[in-house]
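A.B. asks: Just the structure for this:
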Amino acid sequence: MSLSGPLRSPSREPIPIDARAADHLRYIRETMERAGEFTGVPGWGGVAMGLTAVAAAYIASLQGTPARWLAVWLVEAFVAVAIAAPAAATKAHRVNSKLFSGPGRKFVLSFAPPVVVGGLLTFGLAHAGHYGLLPGMWLLLYGTAIVTGGAFSVRVVPVMGLCLMLLGAAALFAPGVWGDVFMAAGFGGVQMGFGAWIALRYGG
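C.D. replies: This is a model prediction of the structure:
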């Protein structure tokens, strides 16, 4: 028995490109932008670091020798790291991000060089007896680290770094006795203010 005509598959209508296509593209673009940002910068951890910095500034101002003053701030640096590291790891885990891959790795690699330079300059300046230059140098390089690392984070992070750099520049030209005031304002006030903003706007 012959067929009257060739077999034909049911007709398929072309898939229309409707108004939802723009929404899909917008969603994809926003997802890619979020994937390119490191969102693990700890807000509440920054607030805690700021509080310890204010306490350290007060304790340091009571010390009778430059060596003891430096020791107080070195202890504060270790305390700040002890606060920041677990706080960043916890926040990164909560937002399904990773500290050492993708944007997190870029943040760390950009943040680390100014901090390392700051450590080396601390040793050199202290050895030469130029303790009065340390507050300005610390604020400048820490601010630089936050600006460079913040290029891979949310926009408010590099703004915080710029504020710290401005304070550091002012501290370099201010009398040395004002060093602890600038440190309390930068590592304390700026850190707490921006830390609270990050915590409230970007999930802790």
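
A.B. asks: Select the longest helix from the protein.
C.D. replies: helix 66-94 (DSSP state H).

A.B. asks: so who does residue 167 touch?
C.D. replies: 139, 143, 182, 185-186, 190 (Cβ atoms under 8 Å, 6 or more residues apart in numbering). The way it works is simple: take the backbone N, C-alpha and C, and place the C-beta from them, glycine included.

A.B. asks: mean confidence for the helix or strand containing it?
C.D. replies: In this structure, residue 167 sits in helix 156-173 according to DSSP states H and E. Per-residue pLDDT over helix 156-173 has a mean of 94.

A.B. asks: Show me what the helix or strand following it is packed up against.
C.D. replies: Downstream of helix 156-173, the next assigned helix or strand under DSSP H and E is helix 179-183. Other helices and strands packing on helix 179-183, by 3 or more Cβ pairs under 8 Å, 6 or more residues apart in numbering; DSSP states H and E, are helix 43-61, helix 134-150, helix 156-173.

A.B. asks: Redo these as a markdown table? Include distance to residue 67.
C.D. replies: A markdown table is the format used below for the helices and strands packed on helix 179-183 (distance: least, Cβ to Cβ, whole Å):
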| stretch | distance to residue 67 |
| --- | --- |
| helix 43-61 | 12 |
| helix 134-150 | 12 |
| helix 156-173 | 20 |
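
A.B. asks: just checking, which of those helices sits deepest inside the structure?
C.D. replies: Stretch with highest mean neighbour count among the helices and strands packed on helix 179-183: helix 134-150 (a mean of 23; mean count of other Cβ atoms under 10 Å).

A.B. asks: Quick one: work out the angle between that one and helix 66-94.
C.D. replies: Computed by axes from the mean of the first three to the mean of the last three Cα atoms, to 10 degrees, the angle separating helix 134-150 from helix 66-94 equals 20 degrees.

A.B. asks: Give me the angle between helix 134-150 and helix 156-173.
C.D. replies: Using the same axes, to 10 degrees: helix 134-150 against helix 156-173 is 160 degrees.

A.B. asks: Show me how far helix 134-150 is from its chain's centre.
C.D. replies: In terms of Cα atoms, centre = their mean, to the nearest Å, the centre of helix 134-150 is set 11 Å apart from its chain centre.

A.B. asks: pLDDT averaged over it - what is it?
C.D. replies: 94.

A.B. asks: Mind giving me the packing neighbours of that helix?
C.D. replies: Contacts defined by 3+ Cβ pairs under 8 Å, 6+ apart place helix 134-150 against helix 66-94, helix 103-128, helix 156-173, helix 179-183.
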